[in-house]
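Chemist: Got a predicted structure here, sequence first:
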Amino acid sequence: MNATLTGAAIGAVLAFAALIFGFWGFLLVALLMLIGALIGRVMSGQLDLRALAGAFSGRRTSS
């Protein structure tokens, strides 16, 4: 699935959520999609939580 198709699918899901559930439902669906994407990246090894936590706390790493 390419980036254009993925973006269109995400937009369709969010538009559907906004129509059905209203503004707060839209925000909840968007937040849960973000959390799901982050969990997916962690599980696939594309996101290192220790490096991310170090970046937010101001620590620098050599890698």
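Modeler: Okay, I see it.

Chemist: could you say which helix or strand contains the residue positioned nearest the centre of the chain?
Modeler: Most central in the chain under Cα atoms, centre = their mean is residue 34, positioned 2.5 Å from the mean C-alpha point. If you go by DSSP states H and E, residue 34 is part of helix 3-44.

Chemist: pLDDT averaged over that helix - what is it?
Modeler: Throughout helix 3-44, pLDDT has a mean value of 91.

Chemist: Just give me how far that helix sits from the chain centre.
Modeler: Computed by Cα atoms, centre = their mean, to the nearest Å, the chain-centroid distance of helix 3-44 equals 8 Å.

Chemist: Show the subsequent helix or strand relative to it.
Modeler: Beyond helix 3-44 toward the C-terminal end (DSSP H and E), the next one is helix 49-57.

Chemist: Next, residue 45: phi, psi?
Modeler: Main-chain dihedrals, residue 45, degrees, to the nearest 10: phi 90, psi 10.

Chemist: Residue 59: what secondary structure?
Modeler: Classification of residue 59 using DSSP: H, G, I helix; E, B strand; the rest coil returns coil.

Chemist: tell me the pLDDT at it?
Modeler: In this model, residue 59 is scored at 72, pLDDT.

Chemist: quick one: it and residue 12, what's the gap?
Modeler: Separation of residue 59 from residue 12 (Cβ to Cβ, to the nearest Å): 40 Å. For glycine as for every other residue, the C-beta is placed from the backbone atoms N, C-alpha and C.

Chemist: same deal with residue 35?
Modeler: Note on residue 35: its distance to residue 12, by Cβ to Cβ, is 19 Å.

Chemist: now swap in residue 30 and tell me
Modeler: Taken as Cβ to Cβ, the span from residue 30 to residue 12 is 13 Å.

Chemist: One more: residue 55?
Modeler: Counting by Cβ to Cβ - residue 55 and residue 12 are separated by 33 Å.

Chemist: With residue 45 instead?
Modeler: Applying Cβ to Cβ to residue 45 and residue 12 gives a distance of 29 Å.
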